[in-house]
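>>> any chance you could fold what I've pasted below:
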Amino acid sequence: MFPAILAGIAAGALWGLTFIAPRFIGTASAADLVMARFACYGAISALWLIWQRGAPLAGLGPRDWLRLIALGALGNSLYYLLTVFAVRAGSAGLAALIVGTLPVMFAIASNLLRPALPWPRLALALAPIAAGLALLAGHGGGGTIGFTITGALLALAAMASWLAYGLMNAAYLGGRPAVSALDWAALVGIGTALTLPLVGLAALAQGEGLFATGAHGPLILWGIGLGVLSSGLATWLWNIASARVPAAALGYLIVSETLFALVYAFALDARLPTATEGASIALLLGGTLAGLRATRA
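Predicted coordinates for the structure are as follows:
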């Protein structure tokens, strides 16, 4: 199981890149970046399926395609849209606070659906993770979360969207060891690409002009980078973890996304963590290690 745990951590490291990408795309909008990212993900997925002569497509029925589109929306496009709308309706601090509880909620939901750990042992591991996330949210928000009912509901919907994706994906792959993690990542990429019209329509409804800026170079580079690394490669690695790591342990691996995002941010800012940030990181690491150890025990 250890290689699969490493795969899940590596996926988190690649997902962490999405937090720093907006710093490098100039005046391009978030909708531009997500369209470029997921269009690239869909393109490389199509190339892989062509290379495989369409073999992974054999036997797919209407229900399979609906599942793939649902996973593409829940884990990618819909999740992104809800997060962006939550930031606009409330604040970035509010969205980060609510969506940041995903590792905790995932572990709890997984243990409810498929009990793997006694609840006291689960709580012992989740408590420091929850405390670390709370410290980060309070520190990053400067004490002002910017609460609104609409923003909170949208952030809850975003968290529920990825939670549903993670649980559905783990349940499907966990019961089908013969399914190739790479083929499944490509199929989800096609499902994600099919949801891009939703992203475009939602962006236009919010008054954003798609690709209106003239500086497309950084956008294209980061769109390709995120499409290949943070979507294609990360989804493949997460599929490996989802198929081999107990669902109760996957929640702890999601914490790696937050940890790597912090490392990247500190590197870009050329600074060390503050005392509060250091304490948060220690709590996140401690809770993650305790949770993985409890799951393997």
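
>>> could you list the low-confidence segments of this structure?
90-97, 137-147, 207-209, 213-215, 296-297 (pLDDT under 70).

>>> against which helices or strands is the host helix or strand of Leu221 packed?
Per DSSP states H and E, Leu221 falls inside helix 217-225. With contacts taken as 3 or more C-beta pairs under 8 Å, 6 or more residues apart in numbering; DSSP states H and E, helix 217-225 sits against helix 30-51. Where you see a C-beta, it was placed from the backbone N, CA and C, and this is true even at glycine.

>>> so whichever helix or strand comes after the helix it packs on versus helix 30-51, what angle?
Note on helix 30-51: by DSSP H and E, the next helix or strand toward the C-terminus is helix 62-72. Put simply, helix 62-72 runs at 140 degrees to helix 30-51, going by axes from the mean of the first three to the mean of the last three C-alpha atoms, to 10 degrees.

>>> and the contacts of helix 62-72?
With C-beta atoms under 8 Å, 6 or more residues apart in numbering as the test, helix 62-72 has contacts from 60, 165, 168-169, 172, 187-195.

>>> over to stretch 18-37?
77, 80, 84, 196, 199-200, 202-203, 206, 208-213, 215-216, 218-220, 222-227, 230-231, 261, 264-265, 268.

>>> buried ones among those residues?
For these, a burial check counting by 16 or more other C-beta atoms under 10 Å picks out 77, 80, 84, 196, 199, 202-203, 218-219, 222-227, 230-231, 261, 264-265.

>>> can I get stretch 185-203 in CSV, CA atoms only?
Listed next in CSV are the C-alpha coordinates belonging to stretch 185-203 (Å, rounded to 0.1, in the frame of the first residue of the first chain):
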residue,chain,number,x,y,z
ALA,A,185,-7.9,9.1,-15.9
ALA,A,186,-8.2,9.5,-19.7
LEU,A,187,-11.9,8.6,-19.7
VAL,A,188,-12.6,11.1,-16.9
GLY,A,189,-10.6,13.7,-19.0
ILE,A,190,-13.0,13.2,-21.8
GLY,A,191,-15.9,13.5,-19.4
THR,A,192,-14.4,16.7,-18.1
ALA,A,193,-14.0,18.2,-21.6
LEU,A,194,-17.7,17.5,-22.3
THR,A,195,-18.6,19.8,-19.4
LEU,A,196,-16.6,22.8,-20.6
PRO,A,197,-19.6,24.4,-22.3
LEU,A,198,-21.0,24.7,-18.7
VAL,A,199,-17.9,26.6,-17.7
GLY,A,200,-18.1,28.9,-20.7
LEU,A,201,-21.8,29.7,-20.2
ALA,A,202,-21.3,30.3,-16.5
ALA,A,203,-18.4,32.7,-17.1
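
>>> in that stretch, what's buried?
Those would be 185-196, 199, 202-203, for stretch 185-203 by 16+ other C-beta under 10 Å.

>>> what of stretch 43-56?
Buried-residue list, stretch 43-56, by 16+ other C-beta under 10 Å: 43-45, 48-49, 56.

>>> stretch 65-83 too?
Result for stretch 65-83 [16+ other C-beta under 10 Å]: buried residues 67-83.

>>> what of stretch 276-292?
In stretch 276-292, counting by 16+ other C-beta under 10 Å, buried: 277, 279-281, 283-288, 290-292.

>>> tell me the one of the residues you listed nearest Pro3?
Leu292 (13.6 Å; C-beta to C-beta).

>>> which residues are contacting the helix or strand containing the closest one?
Using DSSP H and E, Leu292 sits in helix 275-296. For helix 275-296, the external contacting residues (C-beta under 8 Å, 6+ apart) are 1, 5, 107, 116-117, 121-122, 124-133, 135-136, 139, 246, 248-249, 251-253, 255-256, 258-259, 262, 273.

>>> would you mind checking those for buried ones?
Among these, the ones that count as buried by 16+ other C-beta under 10 Å are 5, 107, 116-117, 121-122, 125-126, 128-133, 135-136, 139, 246, 248-249, 251-253, 255-256, 258-259, 262, 273.

>>> strands - which of those land there?
Among the buried ones among the contacts of helix 275-296, none falls in strands (DSSP state E).

>>> perfect, I'm done here.
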